[in-house]
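> Okay, structure incoming, though there's no sequence with it:
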């Protein structure tokens, strides 16, 4: 197995800088679009053979160093009693019980067997590590409270400030759900897990530390030592030091902060993942090559344990497949040369 990704997560020597792309399985690939034309999104997620095939598509195309399970961060909410719809246009729409006490505790193996079955299928096919994942509790909570996505997250913040006890109660329930879900994925064979906190970056550093960090630490604590844990907070550059306190092995960094500056602030003890702006994949190849080189050089600083190249967020649907392959090949070429 090509284990450069896992070695980078653990701070061990690698042959080159490993690379994978957030949302690498998805809409920018023609073969994904062909399957998606036949099935709705939730059917893809819940049919192990289809989810496995979609996971494998970018692996065949791009020569990435890790695969990430094809699924959705909202998947564990449905067995809690929350209705989720994915309309053809716009974001997800959620319908929840009005009384929070009606939310159910889930048994991941029993309630989400399709996820574990997908992992088992993939382990027979892959010669690179498989990453499992979940949404982080705060991000999941925002979708529940807002009944979807939001521009200013006013409902979420009013709930957080005005009903603090209920807020933390729901965060506790979601944290337990995430621990169980990620533990089940690890038991099924996932070799690393990523916690996506897509919306925690809407908070002030003080609010992140008070309302989010304790719950994230509760999740990561029991998982550490089993497999590498990656924690990614979109737009979290203003409170990287608090993110480091989560205990994650790898800190994901978006494109809004220079990766060198992020490394200087994180210092030792963690690996970093990131952080090319997804829109930079539309640069001319010569200019893109320069941007990739800059990130790799900064990622090789000795003050951190390791660097995994990635985008600062998910790859955009409009991205040409050739540019994604150019990115991966360039990362391998540049980083191998710099290590000589």
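The structure has been received and is ready for your questions. Note that the structure is a prediction, hence the values are computed from the model and not measured.
> Mean confidence (pLDDT) on the biggest helix by length in the chain, please.
With secondary structure taken from DSSP state H, the chain has its longest helix at helix 164-188. The average of the pLDDT scores along helix 164-188 is 97.
> Report the buried residues of that helix.
For helix 164-188, burial by neighbour count (16 or more other C-beta atoms under 10 Å) applies to 167-168, 170-171, 173-186, 188. All C-beta atoms are positioned from the backbone trio N, CA, C, and that covers glycine.
> Against which helices or strands is it packed?
helix 108-111, helix 113-125, strand 130-135, helix 137-146, helix 154-162, strand 192-197, helix 213-223 (3 or more C-beta pairs under 8 Å, 6 or more residues apart in numbering; DSSP states H and E).
> at 6 Å what do you get?
helix 108-111, strand 130-135, helix 137-146, helix 213-223 (3 or more C-beta pairs under 6 Å, 6 or more residues apart in numbering; DSSP states H and E).
> Show me which positions of the shortest one end up buried.
For helix 108-111, the buried set under the neighbour-count rule, 16+ other C-beta under 10 Å, comprises 108, 111.
> from the chain's centre, how far out does it sit?
Counting by C-alpha atoms, centre = their mean, to the nearest Å, helix 108-111 is centred 21 Å from the centre of its parent chain.
> what's it packed up against?
Using 3+ C-beta pairs under 6 Å, 6+ apart, helix 108-111 sits against helix 164-188.
> distance between the helix it packs on and the chain's centre?
16 Å.
> What about residue 35, how many residues nearby?
14 (other C-beta atoms under 10 Å).
> Just the buried positions in the host helix or strand of it, please.
Following DSSP states H and E, one finds residue 35 within helix 30-36. Buried residues in helix 30-36, counting neighbours by 16+ other C-beta under 10 Å, are found at 32, 36.
> who's in contact with that helix?
Contact with helix 30-36 is made by 26, 54, 57, as judged by C-beta atoms under 6 Å, 6 or more residues apart in numbering.
> what's the distance between the last one and residue 71?
Pointing back at residue 57 there. Distance from residue 57 to residue 71, counting by C-beta to C-beta, to the nearest Å: 14 Å.
> more neighbours, those two?
Higher neighbour count among residue 57 and residue 71: residue 71, with 24 against 20, using other C-beta under 10 Å.
> Could you look up the SS state of that one?
Under DSSP: H, G, I helix; E, B strand; the rest coil, residue 71 falls in the coil class.
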